[in-house]
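quick one, structure for this:
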Amino acid sequence: MASTNVSSRLCIILSTVVFLILGTLKQPMAAASTPVGGGFVRRKGIHFEDSEGRPFLVHGCNFYWLMYQAAEESSRQMVDEVFRDAKSLGLNVGRTWAFNDGGDRALQISPGVYDEKVFQGLDYAIVQAATHQMRLVLSLINNYNAYGGRPQYVQWARNAGNYLPSEDSFYTHFVTRQWYKNHVKKILTRVNSITGVMYKDDPTILAWELMNEPRCSSDPSGDTLVKWVREMGAYVKSIDKNHMLQAGMEGFYGASTPDRRWANPNQMEGLGTDFIRINQVTYIDYATVHSYPDLWLPQVSEDTQLSFLQMWVNVHIEDARDFLNKPVVFSEFGKSDQAQDYKPSQRSDFFWAVYNSVFSSANTGGAAAGAMLWQLLPQGMQQWSDGFAVMANDRSSANIISWQSQRLNSVTEFLYSRSSPGQKLVPHV
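Next comes the predicted model:
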């Protein structure tokens, strides 16, 4: 009996061990990264703060291609390298696409049909962000046909026998609106295959972006876009109350503020956008602005472009405070090295113009919550440069970016520790 009892006990123990091992294998893989510190970031008036009450300022970059490169093992190292570069520069936020509709390495092959391998690429990018203590802004669709965007949705709807007279019908047709909502739900409720954390529960994500640079030229009043942003903003918030939401606007003023339209570049009139009205939508947590003077004003002098940039940044900081009572992030800005007679000092001047205005505002309690350069590339991806690419080994730009990181960190620490509301740092020059 003694030997029989021992054998029985061994069988029970072995069975238990096997059960536990098999049960573990069925569970999502444990997180391979350190959770980003500070928890979720939320809006508080015209500022951001994390769940520990610490002020949060965005010092970021764009790398829209993360999911695309991470979807293949052969190019995944580009994602690793760009996060290492971003970390070395002191960047804390990156913006990337959570869409690729049709085409090469498509996330959404057709409406509602997704490629799991590509989705795992996005999972990997999120994990790498957390590993490097960075947060991500995930954009949900493009205004343009690059990576599909709303033109692809419209084409899909037409192929299914629906009548959509123009690409702007994306905003109003029930089919494309529902497909967009389906995509939103798919992204927000995605369970990361590496960490087992649902996207909507992951503080690595700073915010969602409804669309990259939404425009609707068929309705210059802005009514169509306002209605769409209100509908889709409400839908996002019905699923996810943890994360902030941005509309993805470029900053062009519309019909609601005729006294501000002088600030628009001339050719950017009549696009159906309205910086004030759209960012006043309740569900939008903060405003965004894009800044490309050399694309918008190609025929004017370098000095004139720089003056425009300074005006463009400062007027939006003022309006975010006075009209919106929300933070503003300059989520795309850059200077092309493909411009005629380009000199590296010109890019330095442009970066300083944006960074100094952001720092000055943050330093005095203003509405500027940060800026994100377009775009950061690692070595080996030079062919992806659109003229605006910055690489970590570009010392002139890298030094400016790193210096801004130090300045914003000093502001954050000061604001967190100060005891007198009237105190402020002396602005750096």
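
find me the pLDDT at the nearest residue to residue 392 once chain neighbours are set aside, would you?
Residue nearest to residue 392 in three dimensions, not counting chain neighbours: residue 85, with 3.8 Å by C-beta to C-beta, 6 or more residues apart in numbering. Heads up, the C-betas are built off the backbone N, CA and C, glycines and all. Per-residue confidence (pLDDT) for residue 85: 98.

quick check: what element follows the helix or strand that contains residue 85 along the chain?
Using DSSP states H and E, residue 85 sits within helix 77-88. Downstream of helix 77-88, the first helix or strand assigned by DSSP H and E is strand 93-97.

do a quick rundown of the helices in this structure.
For the chain, the helices defined by DSSP state H occupy 2-26, 66-70, 77-88, 116-131, 149-159, 174-188, 223-239, 275-279, 293-296, 302-319, 344-363, 395-417.

any idea which of those helices has the lowest pLDDT on average?
helix 2-26 has the lowest average pLDDT among the helices of the chain, namely a mean of 38.

what's the burial count for residue 77?
13 (other C-beta atoms under 10 Å).

check residue 335 too.
29.

about what we covered before: and the residue nearest to residue 392, what is it in contact with?
Contact partners of residue 85, counting by C-beta atoms under 8 Å, 6 or more residues apart in numbering, are 376, 378, 391-392.

before we move on, back to that, so which of the helices of the chain is the most surrounded?
For these, average neighbour numbers computed from mean count of other C-beta atoms under 10 Å are highest in helix 66-70, which has a mean of 25.

could you give the angle of the helix holding residue 85 to strand 93-97?
150 degrees (axes from the mean of the first three to the mean of the last three C-alpha atoms, to 10 degrees).

related to what we said a few turns ago, now the helices of the chain as TSV including distance to residue 249?
TSV is the format used below for these (distance: least, C-beta to C-beta, whole Å):
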stretch	distance to residue 249
helix 2-26	44
helix 66-70	22
helix 77-88	24
helix 116-131	24
helix 149-159	15
helix 174-188	17
helix 223-239	9
helix 275-279	6
helix 293-296	15
helix 302-319	10
helix 344-363	17
helix 395-417	23
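
so which of these gets nearest residue 203?
Comparing these by their distance to residue 203 (C-beta to C-beta), the top pick is helix 116-131, with 8.6 Å.

surely residue 157 touches residue 177?
No - applying C-beta atoms under 8 Å as the test, residue 157 and residue 177 come out as separate, 10.1 Å apart.

about what we covered before: report the distance from the helix holding residue 85 to the chain centre.
On the basis of C-alpha atoms, centre = their mean, to the nearest Å, helix 77-88 sits 17 Å off its chain's mean C-alpha point.

give me the angle between that helix and helix 395-417.
Angle of helix 77-88 versus helix 395-417, following the same axes, to 10 degrees, is 60 degrees.

how about residues contacting stretch 218-230?
With C-beta under 8 Å, 6+ apart as the criterion, stretch 218-230 contacts 166, 168, 171-172, 177, 210, 214-216, 247, 254-256, 269-274, 277-278, 281-284.

I should have written stretch 376-391 there, sorry.
Outside stretch 376-391, the residues touching it (C-beta under 8 Å, 6+ apart) are 61-63, 65, 78, 81-82, 85-86, 89, 91, 94, 334-339, 373-375, 392-393, 397-398, 401.

report the buried members of the contacts of stretch 218-230.
Using 16 or more other C-beta atoms under 10 Å as the burial test, the contacts of stretch 218-230 include 168, 171, 177, 210, 214-216, 247, 254, 256, 271-274, 277-278, 281, 283-284 as buried.

out of the helices of the chain, which is closest to residue 265?
helix 293-296 (3.8 Å).

mind giving me the packing neighbours of the closest one?
Identification of packing neighbours for helix 293-296 by 3 or more C-beta pairs under 8 Å, 6 or more residues apart in numbering; DSSP states H and E yields helix 302-319.

how distant is the helix it packs on from the center of its chain?
In terms of C-alpha atoms, centre = their mean, the centre of helix 302-319 is found 22 Å from the chain centre.

packing partners for it?
Using 3+ C-beta pairs under 8 Å, 6+ apart: helix 302-319 touches helix 275-279, strand 287-291, helix 293-296, strand 328-333, helix 344-363.

make JSON lines out of these and add distance to residue 118.
As requested, the helices and strands packed on helix 302-319 are exported to JSON lines (distance: least, C-beta to C-beta, whole Å):
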{"stretch": "helix 275-279", "distance to residue 118": "30"}
{"stretch": "strand 287-291", "distance to residue 118": "26"}
{"stretch": "helix 293-296", "distance to residue 118": "30"}
{"stretch": "strand 328-333", "distance to residue 118": "24"}
{"stretch": "helix 344-363", "distance to residue 118": "33"}
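
residue 194 is nearest to which of those?
Residue 194 lies closest to strand 328-333 among the helices and strands packed on helix 302-319, at 26.7 Å (C-beta to C-beta).

who does the closest one pair up with?
Paired neighbours of strand 328-333 in the sheet (DSSP bridges): strand 287-291 (parallel), strand 368-373 (parallel).

gap between the first one and the chain center?
Computed by C-alpha atoms, centre = their mean, the separation of strand 287-291 from the middle of its chain amounts to 11 Å.

compute the inter-axis angle for it and helix 302-319.
Interaxial angle of strand 287-291 relative to helix 302-319 (the same axes, to 10 degrees): 180 degrees.

CA atoms of strand 287-291 as PDB?
This file holds the C-alpha atoms of strand 287-291, laid out as PDB (Å, rounded to 0.1, in the frame of the first residue of the first chain):
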ATOM      1  CA  ALA A 287      -6.400  70.200 -30.800                       C
ATOM      2  CA  THR A 288      -3.700  69.400 -33.400                       C
ATOM      3  CA  VAL A 289      -1.900  71.500 -35.900                       C
ATOM      4  CA  HIS A 290       0.400  70.600 -38.800                       C
ATOM      5  CA  SER A 291       3.000  73.000 -40.100                       C
END
